[in-house]
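sequence and computational prediction follow.
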Amino acid sequence: MRPRHLLLFFVVSALSGSAYVVIKLAVTDLSPAVVACARATLGATILLPLAGARGALSGLSLRKRQLIVLGFLEFAAPFLLLSAGSQWIASSLAGILMAAGPLFMALFALRLDASERVSTARMVGLIIGMTGVICLLGVTVAGRALELAGAGIVVLASCSFALGALYFKRHFDEVPPLGAMAGAMTFGALLLVPPAALALPAHLPTGSTIAAVGVLGIVHAALNYVLFFALVQLVGAGRASVTSYLSPAIAVLLGLAVLGEPADGGLVAGLLLIIAGSWLATGGKLPPGPFVAARVPAPGRHPDAAPPAPPGVQQRRLSSPLGPPPTVTSAGQPHRLA
């Protein structure tokens, strides 16, 4: 494993896991709608010209309707729901519940994606993972109505990401991921303008709140994407997606260190059950092979396009709390979450 690959791996994991602390800080002084809209707007402002410069927007003009749907499922709805739920629950709990994204995607795929096989390992993974979710909702926030409502809202955000991933797989399989995400985030930002306009603050936010929103948009909604795509090019989609296992643990550690949030036994148990269940539900296999050097695109293939799957292995695109990453094969690799 090359040192720069390992460094980039941990940077991506840290950025994904730290997003929940930053969201918690942002919603203390701004409405969830304003935070979500600002996050998507800043991210799209950076990603859209970057994707255009790389030629990754070609052909998207014919997919405006699909981009609007993807923008709602992957950005508008989950950004708003995650910000809203974070008002009432710990950032560490939000990070763990969002880590259930692969679990919900595997569950929805059984109904919505005919190519998905129903294996014993997958069903066991779904049962284990859902037990983790129930543990978090029934133990960690039991008896506290506002926290239970916040946790439920974050679960809906995770479900939205999962549905967006399946929609992405069906309609954007041959589209450069950077271009699709930039276009979808742009439409997501536009969809968030009306609710944000109705919830503008009555006073100027504090400097720390403005900084938190800026970090959410520039770092977590834009830079994190760019770095993740770079990581995929360096080590492959399978190994890059392992960051989804590390990011919720980082969310717990940062919540404890930065915000003084408690980490009780129910929280840790839920985290372990969700990670184990997600791993089994998405195939239950270790990332293949050692870290490899960056792939050189085949002649005529767009440099941002997903690499082809090995012969006999069906390709599958999966999601991440900031949207679907490049192709992950159906050999069973989980997806990344922010």
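Noted; the coordinates are in hand. Numbering: from 1, shown residues only.

could I get the average pLDDT for the strand or helix carrying Leu146?
Per DSSP states H and E, Leu146 falls inside helix 145-171. Average pLDDT, helix 145-171: 92.

and that helix, what does it pack against?
Helices and strands touching helix 145-171, by 3 or more Cβ pairs under 8 Å, 6 or more residues apart in numbering; DSSP states H and E, are helix 64-71, helix 77-85, helix 91-98, helix 101-112. Where C-beta positions appear, they are placed from N, C-alpha and C, glycine not excepted.

could these go into a markdown table alongside mean pLDDT?
Putting those into a markdown table (pLDDT from 0 to 100) gives the following:
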| stretch | mean pLDDT |
| --- | --- |
| helix 64-71 | 95 |
| helix 77-85 | 97 |
| helix 91-98 | 92 |
| helix 101-112 | 85 |
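
buried set for the helix holding Leu146?
For helix 145-171, a neighbour-count test (16 or more other Cβ atoms under 10 Å) marks 147-151, 153-169, 171 as buried.

do the same with stretch 229-243
229, 231-243.

and which of these is nearest to Leu47?
Nearest to Leu47 out of the buried residues of stretch 229-243 is Phe229 (Cβ to Cβ; 10.4 Å).

out of the helices and strands packed on helix 145-171, which is closest to Leu267?
helix 91-98 (6.6 Å).

give me the contacts around that closest one.
The contact list for helix 91-98 (Cβ atoms under 8 Å, 6 or more residues apart in numbering) reads 17, 19-21, 23-24, 82, 85-86, 133, 136, 140-141, 151, 154-155, 157-158, 161, 247-248, 250-252, 254-256, 259, 261, 263, 267, 270-271, 274, 321, 337-338.

can you turn the buried part of the residues you listed into a PyMOL selection?
Remark: buried members of those, expressed as a PyMOL selection using 16+ other Cβ under 10 Å:
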select buried, resi 17+19+20+21+23+24+82+85+86+133+136+140+141+151+154+155+157+158+161+247+248+250+251+252+254+255+261+267+270+271+274+321+337+338
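
just the contacts of helix 91-98: which are in helices?
Residues of these located in helices (DSSP state H): 17, 19-21, 23-24, 82, 85, 133, 151, 154-155, 157-158, 161, 247-248, 250-252, 254-256, 267, 270-271, 274.

what residues are up against the residue lying closest to Gly188 once chain neighbours are set aside?
Excluding the flanking residues, the one nearest Gly188 by Cβ to Cβ, 6 or more residues apart in numbering is Phe75, at 2.9 Å. For Phe75, the contact set (Cβ under 8 Å, 6+ apart) comprises 40, 184-185, 187-189, 192, 323.

and Phe75, what pLDDT?
96.

and His5, how close does it get to Ala114?
According to Cβ to Cβ, to the nearest Å, His5 and Ala114 sit 36 Å apart.

comparing those two, which residue is more hemmed in?
A count of neighbours by other Cβ atoms under 10 Å puts His5 above the other of His5 and Ala114, at 17 against 7.

count the neighbours of the residue nearest to Ser83 when sequence neighbours are not counted for me.
In space, and not counting its chain neighbours, Ser83 is closest to Pro32: 3.6 Å by Cβ to Cβ, 6+ apart. As a burial measure, Pro32 scores 24 neighbours (other Cβ under 10 Å).

quick one: contacts for Pro32?
Counting by Cβ under 8 Å, 6+ apart, Pro32 makes contact with 80, 83-84, 86-87, 199.

ok, of the residues you listed, which one's closest to His220?
Of the contacts of Pro32, the one sitting nearest to His220 (Cβ to Cβ) turns out to be Ser83, at 12.1 Å.

related to what we said a few turns ago, and the angle from the helix holding Leu146 to helix 64-71?
In terms of direction (axes from the mean of the first three to the mean of the last three Cα atoms, to 10 degrees), helix 145-171 departs from helix 64-71 by 150 degrees.

gap between helix 145-171 and the chain center?
The chain centre lies 10 Å from the centre of helix 145-171; the measure is Cα atoms, centre = their mean, to the nearest Å.

try stretch 92-109
Taking mean C-alpha positions (Cα atoms, centre = their mean), stretch 92-109 and its chain are 9 Å apart.

number the chain from 451, please
Right, with 451 as the first residue, what we last looked at is stretch 542-559.

do me a favour and get the end-to-end distance for that stretch?
27 Å (Cα to Cα, to the nearest Å).

swap in stretch 541-561?
31 Å.

give the buried residues for it.
541-559.

before we move on, what about stretch 494-508?
Neighbour-count burial for stretch 494-508, counted by 16+ other Cβ under 10 Å, picks out 494-498, 500-501, 506-507.

ok, now stretch 662-675?
For stretch 662-675, by 16+ other Cβ under 10 Å, it's 662-663, 665-675.

got these as JSON lines, with distance to Leu517 and secondary structure columns?
Listed next are the buried residues of stretch 662-675 as JSON lines, based on distance: Cβ to Cβ, whole Å; DSSP: H, G, I helix; E, B strand; the rest coil:
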{"residue": "Ala662", "distance to Leu517": "28", "secondary structure": "helix"}
{"residue": "Val663", "distance to Leu517": "24", "secondary structure": "helix"}
{"residue": "Val665", "distance to Leu517": "26", "secondary structure": "helix"}
{"residue": "Leu666", "distance to Leu517": "22", "secondary structure": "helix"}
{"residue": "Gly667", "distance to Leu517": "19", "secondary structure": "helix"}
{"residue": "Ile668", "distance to Leu517": "22", "secondary structure": "helix"}
{"residue": "Val669", "distance to Leu517": "24", "secondary structure": "helix"}
{"residue": "His670", "distance to Leu517": "21", "secondary structure": "helix"}
{"residue": "Ala671", "distance to Leu517": "16", "secondary structure": "helix"}
{"residue": "Ala672", "distance to Leu517": "18", "secondary structure": "helix"}
{"residue": "Leu673", "distance to Leu517": "22", "secondary structure": "helix"}
{"residue": "Asn674", "distance to Leu517": "20", "secondary structure": "helix"}
{"residue": "Tyr675", "distance to Leu517": "16", "secondary structure": "helix"}
